[in-house]
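> generate coordinates for the sequence data below:
(2 chains)
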Amino acid sequence: MPNLTIDGKQVEVPAGTTIIQAADKLGIDIPRYCYHPALPVSGNCRICMVEVEKQPKLQIACYTPVADGMVVKTNSPKVLEVRKTVLEFLLVNHPVDCPVCDQAGECKLQDYYMEHGQYDSRLSEVKVKKEKKAFSIGPTVMLDQERCILCTRCVRFADTITKTSEFGVFSRGDHSQLDVYPGKKLDNSYSGNVVDICPVGALTDTDFRFKCRVWYLAQTKSVCPGCSMGCNITVEWDKMRPHQHKKARVMRLKPRLNPEVNDYWICDKGRYNYRFIDENRIQHPQLKDALISWDQAAGIVAQSIKLLQDAKQTNRIGVLASAQLTNEDLFVIRKFFKETLKGAQLDFKVPEKPGDSDDFLIKADKNPNTAGAVNILQADADVQQIVARAKAGEIDILYVFGHDLVKLFGKETVAQIAKKVKLFVYQGSNVNETCGYAHLNLPSSVYAEKEGTFTNCQNKVQRIWPAFLPLGESKGDWEIIALLSAKLGTPLAYQHSQEIFKDIAATIPSFSEMTYEKISDKGMILKS
Amino acid sequence: MEKIVSRHFGQPDSHHLENYLKDNGYEAARRAITQMTPAAVIDEVKKSNLRGLGGAGFPTGTKWSFIPAANPKPKYLVINGDEGEPGTFKDKYIFEQDPHALLEGIIITCFAIGSHKAYIYIRGEYTKSLERVQAAVDEAYKGKYLGKGIMGSGFDIDVVVHPGAGAYICGEETALLESLEGKKGFPRLKPPFPAVVGLFNCPTVINNVETIACVPPIINKGAEWFAKLGSEKNGGNRLFCVSGHVARPGVYELPNGTTLRELIYDHAGGIPNGRKLKAVIPGGISAPILTPDQIDVKMDFDSLKAIGSMAGSGGIIVMDDTTDMVWAAMVAARFFAHESCGQCSPCREGSGWVYRQVKKVYLGHARPHDLNNLPGIVNNIGGNTICAFGDAVSMSVGSYVSKFRSEFEAKLQPAHVA
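Residues are numbered from 1 along each chain as shown, chains lettered A, B, ... in the order given. Here you go, the predicted structure:
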């Protein structure tokens, strides 16, 4: 393997590696516009030029392969001078409309100007005016041709990742402009990614545009709950000014790099699936129409369970758990309903129609934790059976986690169940039709308010982190169960999800030896 | 003096096969295919000191030897007849007056590099060239000089004529390949060079029209004869295209060692109307401009390089003392701004900016600091781009500013005017 020196640091990399890849490995940041690790090299922006010893001309780091004994300088006076030069050229026809540009704060033109530019403008000529300012090129993305630096990342993304080829560079010279082909729209399942890879303010997100300046955003690592792929994401939320957005906290979701799962990408469905975090939430425990306290709510459930316990009829408890819940939630559900209350009927596999899917990231199973639910719950009952029994009056307590039974089984069935069972509990984060039939509604928190783990379709266990506190009086799902258990006089020993996960690792063989630290933010595969 | 490439120019119906055959036509090809090995042909061309006459001056035989014989992919020969360099019109004469010389050169070259398919890429505006070359190709197929088992040998060769679509950059060899493949004419990143990864990702030799037209005479008369005609490392004659302020503009075939003075005064008839020479571009608009004190230079690749210019495409543009050099610079800059393909940022943004700056000086709107900035900005394009176009902008426009600075200064606004 070639061994080379970059800025005095030695590194050994496989043959065929480019200088920029070797530098990335060393943590040396070479400026880049057109280079993107997931896209074919284009070499057009010329900002990544570096000095290679024994070569008369500077070389572009994104294209030049390393060689054994190569000595590279990324910060020599010659290199810094050329960077300044390239920046100057890139800004010649750029409108520099940063004050009204949504990219401000996360713009590579701004960043590199501050790092490498800092020159006084020598431009006193008129700029080339591009045909169109901001216009929509599809349902998710706006294009501003004047701000475009023609790095062609989006072109290459559409050519090679989605293979939909919506983008082209039209015309020639400094009149070149990026556009979608005539009659085409940027309307594919992954269109939002072009906003992420656009290094400037040319492609902006129609949904996020002008909603919030990026410097107000806090970032929390998470995993998309939209399907069983478990794409790694960052929840970006306004930490300072939620009053600006009707109290909404989450402003946008961004993909988070995980080469083994989603690489740099997420689908549009996942990207724009965040409004439920702040909207339409159940915020208080509620008995029919009356708001009640958590203590009262726990008391009502505990009392009903106690009656069945005493009558040794815990098999008249039906529990519909959910693959939307974390491994920790599911473990506590299993512990409480299967171990503390022996005999309760527990399953999670509701009869959902498979959703849309493709051969890239979108999976038909729209639950983020089906693999975890299978491994942890080890359910021996059956949802259909539980529902049938509830309808037939053979169930006294029906405990539903998040499912909209109306959607799944129809209004009539649910209405009948509500009449037949003695206590119909709905524990979930958002209001749905089923809430109206449930006797008791318990507000649970959403994934962005939880700490825990999901297991994706690759059997990879991945962590999520709480971005902010649960909304209103909502609580984590396992915390609610812990509250019930305590009310029944059998307190669970968990204060923190990490303690639950330790128990999972100790109890469930496929999770053995896993810890939060080991899983980190890259995930760990279940043992088979 | 013996004419080589232009030997048939001006003869009636020189473009027809029957006339080409009368002058020993296709005998070099026959000899190469039936009596020589490919290696021997390459060796002969190497010894002849034939250099690429499109402008880069790369030794032709050496270029051919880069084709990897062991590569199982098909090999291609591509003839670069895009001839877009302002001041250059020599390939047009070959296309129109001696297309069979080109075709014979193509046969020999294909044999040497193991290729069975050649593309002739002809500038789209050259409608007559396109017609003549296509007619010649048709004649050659009929006469079994092209096609399967040509001239009774076992050698197969197909030739395709392809019109360009009007972009100057498609004369850059890798942009030409992209264009041939049906894509936008953007130069490719190098390496790999076309000899390894060229047309349709196959090993490819790209040669200029005139270069290939020189090959049959080399095979006929030998490398030594050809090498002796030129200067030290630059064999043969060259077609020089003289335009501008001369009495007899046109194409002149002269040995490579001819001086620029001889060309202008002895052959092209000097500057008309009793005016004086002010400046001359020696090798197409990309070549740095020369002043009258430099015209004793020999017009070969190495001699012109030595004085900071280049032989380029052989397009000589002569300017007399009535020429406004700021205007001339602006015309050159406008050309580059118009023809920059726009792929890489220094050239895309820089060539337009340079044009606007020179124009500003020409219109009398510039101030001293503008002129002080100009050479630096011009210079920042070259060396930082994907292809040599950026270098051309810097060298060409830069040379006007450095050599005729006083004319630029004369057009400036005073510094104090706000």
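> quick check: residues of chain B near chain A?
Contact residues (CB under 8 Å from any CB of the partner chain) of chain B with chain A: B:167, B:184, B:189, B:337-346, B:348-353, B:356-357, B:360, B:370, B:373, B:377, B:380-381, B:383-386. To be clear about C-beta, it is placed using only N, CA and C from the backbone, and glycine gets the same treatment.
> can you flag the buried ones in the residues you listed?
Neighbour counting by 16 or more other CB atoms under 10 Å in any protein chain shown classes B:167, B:184, B:189, B:337, B:339-346, B:348-353, B:356-357, B:360, B:370, B:377, B:380-381, B:384-386 among these as buried.
> mark which of the residues you listed are part of helices, please.
Counting by DSSP state H, these place B:337, B:339, B:345-346, B:348-353, B:356-357, B:360, B:370, B:377, B:380-381 in helices.
> in space, what's closest to the residue nearest in space to the middle of chain B - neighbours in sequence excluded?
What sits nearest the mean C-alpha location of chain B, by CA atoms, centre = their mean, is B:G54, with 2.5 Å. Distance criterion CB to CB, 6 or more residues apart in numbering or on different chains; nearest residue to B:G54, sequence neighbours excluded, is B:N208 at 3.3 Å.
> one more: B:K403?
Once flanking residues are discounted, B:K403 sits nearest to B:T291: 5.7 Å by CB to CB, 6+ apart.
> ok, the one you found - contacts?
Contact analysis of B:T291 by CB atoms under 8 Å, 6 or more residues apart in numbering or on different chains lists B:278-279, B:403.
> what do you get for B:R334?
Per CB under 8 Å, 6+ apart, neighbours of B:R334: B:355, B:359.
> just the element for it, please.
helix B:325-339 (DSSP states H and E).
> now do the buried residues in that helix.
Here helix B:325-339 shows B:325-330, B:332-337, B:339 as buried, counting by 16+ other CB under 10 Å.
> among those, which one lies nearest to A:D289?
Distance to A:D289 across the buried residues of helix B:325-339 (CB to CB) is lowest for B:A337, with 73.8 Å.
> how near is the residue nearest to the closest one when sequence neighbours are not counted to B:G364?
Computed as CB to CB, 6+ apart, the closest residue to B:A337 that is not its neighbour in sequence is B:Y355, at 3.8 Å. Plainly put, B:Y355 is 16 Å away from B:G364 if you go by CB to CB, to the nearest Å.
> looking at the two, which is more packed in?
Set B:Y355 next to B:G364 and count neighbours by other CB atoms under 10 Å in any protein chain shown: B:Y355 wins out with 26 against 11.
> hmm, A:A438 is touching A:L423, no?
No: with contact taken as CB atoms under 8 Å, A:A438 and A:L423 are classed as non-touching, separated by 9.3 Å.
> of the two, who's got more company?
Taking other CB under 10 Å, A:A438 and A:L423 do not tie; A:A438 has more neighbours (26 against 20).
> apart from its chain neighbours, what residue comes closest to that one?
Nearest to A:A438 is A:Y426, by CB to CB, 6+ apart, at 3.6 Å.
> equivalent analysis for A:F135, please.
Nearest to A:F135 is A:L143, by CB to CB, 6+ apart, at 6.1 Å.
> name the SS class of A:K366, please.
The three-state assignment at A:K366 reads coil, by DSSP: H, G, I helix; E, B strand; the rest coil.
> what strands line up against the helix or strand harbouring A:V319, and which way round?
Assigning secondary structure by DSSP H and E places A:V319 in strand A:317-320. Here strand A:317-320 has these sheet partners by DSSP bridges: strand A:345-347 (parallel), strand A:397-401 (parallel).
> quick one: list the elements packing against the helix or strand hosting A:K419.
Element membership for A:K419, per DSSP H and E: helix A:411-420. With contacts defined as 3 or more CB pairs under 8 Å, 6 or more residues apart in numbering or on different chains; DSSP states H and E, the packing partners of helix A:411-420 are helix A:383-391, helix A:405-409, helix A:433-437.
> please repeat the previous calculation with a cut-off of 6 Å.
helix A:383-391 (3 or more CB pairs under 6 Å, 6 or more residues apart in numbering or on different chains; DSSP states H and E).
> mind listing what's buried along the helix it packs on?
A:383, A:386-387, A:389-391.
> from the residues you listed, which is closest to A:R252?
Using CB to CB, A:V383 comes nearest to A:R252 of the buried residues of helix A:383-391, at 34.9 Å.
> A:E328: which element?
Using DSSP H and E, A:E328 falls in helix A:327-334.
> please parse chain A into its domains.
Chain A breaks down by automatic domain parsing into domains covering A:3-92, A:108-205, A:286-525.
> rewinding a little: closest one to B:D138 out of the contacts of B:T291, please.
B:A279 (44.7 Å).
> mind listing the residues bridging to the closest one?
B:M319.
> so it versus B:A332, what's the distance?
From B:A279 to B:A332 the distance is 11 Å (CB to CB).
> how about the strands in the stretch 151-300 of chain B?
Counting by DSSP state E, counting those that start in this stretch, the stretch 151-300 of chain B has strands at residues B:158-163, B:204-208, B:237-244, B:250-255, B:277-281.
> mind listing what the third one pairs with, with the direction of each?
Yep, that's strand B:237-244 we're talking about. Applying DSSP bridges to the sheet, strand B:237-244 is found paired with strand B:250-255 (antiparallel), strand B:315-320 (parallel).
> please apply the same query to the first one.
Sheet pairing here is set by DSSP bridges, and for strand B:158-163 it gives strand B:117-122 (parallel).
> outside of the partner strand, which residues touch it?
Outside strand B:117-122, the residues that touch it by CB atoms under 6 Å, 6 or more residues apart in numbering or on different chains are B:76-79, B:81-82, B:106, B:110, B:129-130, B:158-163, B:176, B:180.
> would you map the helices across the stretch 401-528 of chain A?
Here the stretch 401-528 of chain A has its helices, by DSSP state H, counting those that start in this stretch, at A:405-409, A:411-420, A:433-437, A:477-487, A:497-507, A:516-519.
> would you mind finding the most buried of the ones you listed?
Ranked by mean neighbour count, the helices of the stretch 401-528 of chain A are led by helix A:477-487 with a mean of 23 (mean count of other CB atoms under 10 Å in any protein chain shown).
> who's in contact with it?
A:298, A:301-302, A:325, A:328-329, A:332-333, A:336, A:442, A:444, A:492.
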